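[1] Provided below for reference: sequence and predicted model.
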Amino acid sequence: MNKMNIALVAGGYSGEYEVSLNSAKNIAANLNADVYNVYTLLINRDHWIYQAEHENIAVDKNDFSITIANQKVVFDLAFITVHGTPGEDGKLQGYFDMLGIPYNTCDATTSAITMNKAYTKTIVHSIKSLYTARSMQLFRKDIHDVATLAAALHFPLFVKPNNGGSSVGMSKVHNMAALPAALEKAFHEDEQILVEEFIQGREFSIGIARLNGKIIVLPPTEIISSKEFFDYEAKYTPGVTQEITPANIEPDKLIEIEAIVREVYLRLNCRGMVRVDFILQQETGYFYFIEVNTTPGQSANSLIPQQVRAMGMQVSDFYAALIEGSFGH
């Protein structure tokens, strides 16, 4: 049997470059070398390269190939593990569509929409039993009246970049005086930002994937942070956040959230693996949508690998099923 050539695409143009490299290392370690030839391709704004033993080999962007020792290598599949642009926002997906190369993630349209938090909220808004926090979308080019914002929404508020794939640029604001600095911080990351009401409750993250033709909801993780919210530092600093997988959640609530997440996946026309983050509000028991992540982190301790293991599945089998499922589009 011929081995399949897999381009493991990592890096990207955002602040999560290093996180992406960690994801790629773990994926490469879990792809069966008897079945796949795995080539990790590092991309940034200046170069797309394959690091061979003694040299960096440039990727030919005309057909997405590399040439090693005068042998041209073409790829059967691109396994995208770029967080942020251009791997999470649809740009790479559009490029691969034009070249006819299969890939493991959502398509270009879904990737672009889900990268925009405000647009995603609009699409999932009417799903049964799923709630969305009241919010306002602001654009950098407009003048922002802090008093109008404060009158329209109830404090505390979350201020966050609308297109950020990560948690960079986020603030939690308790009063009007703190709003201008928070707006400035978020606009430093993005042209448009989202200001939304803070929902008090337990935070959960749940993976979902189409495996062997079936949509499988993974066991949820509860995220308990000693910080005010799950920001970049809380995500990547050991000890700041506790992650409990599988989460201790009532059986009826688990059934409810599985149905909601399945509907989110279908309604957004997702493919491959995605992760949905949400809050279970304390007073009401309602599920509030936070965001969809279409290229979730894949380092050994990331949430999806945790959830796959909690389900009793080998991470290597999970990735193999994702690769197999990428060919039927």
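    Sure thing, it's come through. Residues are numbered from 1 along each chain as shown.
[2] where does the stretch 1-150 of the chain dip in pLDDT?
    Along the stretch 1-150 of the chain, the parts satisfying pLDDT under 70 run over 1.
[3] all helices of it, in order?
    Using DSSP state H, counting those that start in this stretch, the helices of the stretch 1-150 of the chain run over 17-29, 91-99, 108-115, 117-124, 146-152.
[4] also the stretch 151-300 of the chain?
    According to DSSP H, counting those that start in this stretch, the helices that the stretch 151-300 of the chain contains are 179-187, 232-236, 251-267.
[5] what's the closest of those to P102?
    helix 251-267 (19.3 Å; Cβ to Cβ). Just so you know, the C-beta spots here come from the backbone N, C-alpha and C atoms, and that holds for glycine as well.
[6] who's the nearest residue to A181 once chain neighbours are set aside bridged to?
    The shortest distance from A181 to any non-neighbouring residue, by Cβ to Cβ, 6 or more residues apart in numbering, is to S171 (7.6 Å). For S171, the beta-bridge partners are V159 (DSSP bridges).
[7] got a list of what S171 touches?
    S171 sits next to F158, V159, K160, A178, A181, A182, K185, A186 when contact means Cβ atoms under 8 Å, 6 or more residues apart in numbering.
[8] from these, list the buried ones, please.
    Buried members of these, scored by 16 or more other Cβ atoms under 10 Å, are F158, V159, K160, A178, A182, K185, A186.
[9] quick one, what contacts the fourth one?
    The neighbours of A178, taking Cβ under 8 Å, 6+ apart as the test, are S171.
[10] next one: the residue of the chain most remote from its centre from I57, what distance?
    Distance from the centre of the chain peaks at N70, with 37.0 Å (Cα atoms, centre = their mean). Relative to I57, N70 is positioned 12 Å away (criterion: Cβ to Cβ, to the nearest Å).
[11] how close does the residue nearest to A181 sit to L179?
    Taken as Cβ to Cβ, the span from S171 to L179 is 9 Å.
[12] likewise H144?
    9 Å.
[13] those two: who's more crowded?
    A count of neighbours by other Cβ atoms under 10 Å puts L179 above the other of H144 and L179, at 21 against 16.
[14] hmm, that one is touching A151, no?
    No: counting by Cβ atoms under 8 Å, L179 stays clear of A151, with 11.9 Å between them.
[15] buried set for the strand of greatest length in the chain?
    With secondary structure taken from DSSP state E, the chain has its longest strand at strand 201-211. Buried residues in strand 201-211, counted by 16+ other Cβ under 10 Å: G201, E203, F204, S205, I206, G207, I208, A209, R210, L211.
[16] helices and strands around that strand, which ones?
    If you count contacts as 3 or more Cβ pairs under 8 Å, 6 or more residues apart in numbering; DSSP states H and E, strand 201-211 packs onto strand 214-217, strand 221-225, helix 251-267, strand 273-281, helix 303-310, helix 315-325.
[17] contacts only, for Y13.
    By Cβ under 8 Å, 6+ apart, the neighbours of Y13 are I43, N44, R45, G84, T85, P86.
[18] before we move on, back to that, which of the contacts of S171 sits closest to I223?
    F158 (15.2 Å).
[19] distance-wise, check that closest one relative to V292.
    Taken as Cβ to Cβ, the span from F158 to V292 is 17 Å.
[20] and if you look at I43?
    23 Å.
[21] who has more neighbours, the two?
    The neighbour comparison of I43 against V292 (other Cβ under 10 Å) goes to V292, with 27 against 22.
[22] and the residue positioned nearest the centre of the chain, how far is that from L268?
    Most central in the chain under Cα atoms, centre = their mean is N293, positioned 2.7 Å from the mean C-alpha point. Per Cβ to Cβ, N293 is found 12 Å from L268.
[23] how about D76?
    D76 is 27 Å from L268, where distance means Cβ to Cβ.
[24] does M273 have any beta-bridge partners, and if so which?
    Bridge pairing for M273 - DSSP bridges - gives A209.
[25] what sits against it?
    N104, G207, I208, A209, P296, I304, L322.
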